[in-house]
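Colleague: what's the 3D shape of this:
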Amino acid sequence: MEQSWNGYLLDSVETVLKRAGNFIWRGVKTTVSLLTSVYQKGITLCTKEKAELEKRLDRSTQLPQWDIIIRPLTVN
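Modeller: Residues are numbered from 1 along each chain as shown. All right, here's what the predicted structure looks like:
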């Protein structure tokens, strides 16, 4: 998305939502929504939930903590 935003001034929430909403990757258009609630602190995943999430992550061998591809859940 960084390349798509290149040159645009992201000076408001509305601008960011419009730009992100127009993004298409591999023929799939993004779905964008603004979350206004505050995340609760101290929430953790149990071991089983974390293992399921890890199955969707492709970690780089060179930068495993920083370069991660997340395979989204598919909806049929």
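Colleague: run through the helices of this structure in chain order.
Modeller: 2-5, 13-21, 47-54 (DSSP state H).
Colleague: averaged pLDDT, the last one. What do you get?
Modeller: Think helix 47-54. Computed over helix 47-54, the mean pLDDT rounds to 90.
Colleague: swap in stretch 13-29?
Modeller: pLDDT averaged over stretch 13-29 gives 85.
Colleague: how long is that stretch from one end to the other?
Modeller: Stretch 13-29 has an end-to-end distance of 19 Å (criterion: C-alpha to C-alpha, to the nearest Å).
Colleague: same thing with stretch 37-47?
Modeller: One end of stretch 37-47 to the other measures 26 Å (C-alpha to C-alpha).
Colleague: contact partners of it?
Modeller: L53 (C-beta atoms under 8 Å, 6 or more residues apart in numbering). No exception for glycine: its C-beta is placed from N, CA and C like everyone else's.
Colleague: name the residues of that stretch that are buried.
Modeller: Buried residues in stretch 37-47, defined by neighbour count with 16 or more other C-beta atoms under 10 Å: none.
Colleague: re the thing from before, ranking the helices of the chain by burial, who's on top?
Modeller: Ranked by mean neighbour count, the helices of the chain are led by helix 13-21 with a mean of 13 (mean count of other C-beta atoms under 10 Å).
Colleague: show me how far that one is from its chain's centre.
Modeller: 14 Å (C-alpha atoms, centre = their mean, to the nearest Å).
Colleague: ok, stretch 61-76 next?
Modeller: Distance, centroid of stretch 61-76 to centroid of chain: 10 Å (C-alpha atoms, centre = their mean).
Colleague: what is the mean pLDDT for it?
Modeller: On average, the pLDDT along stretch 61-76 is 82.
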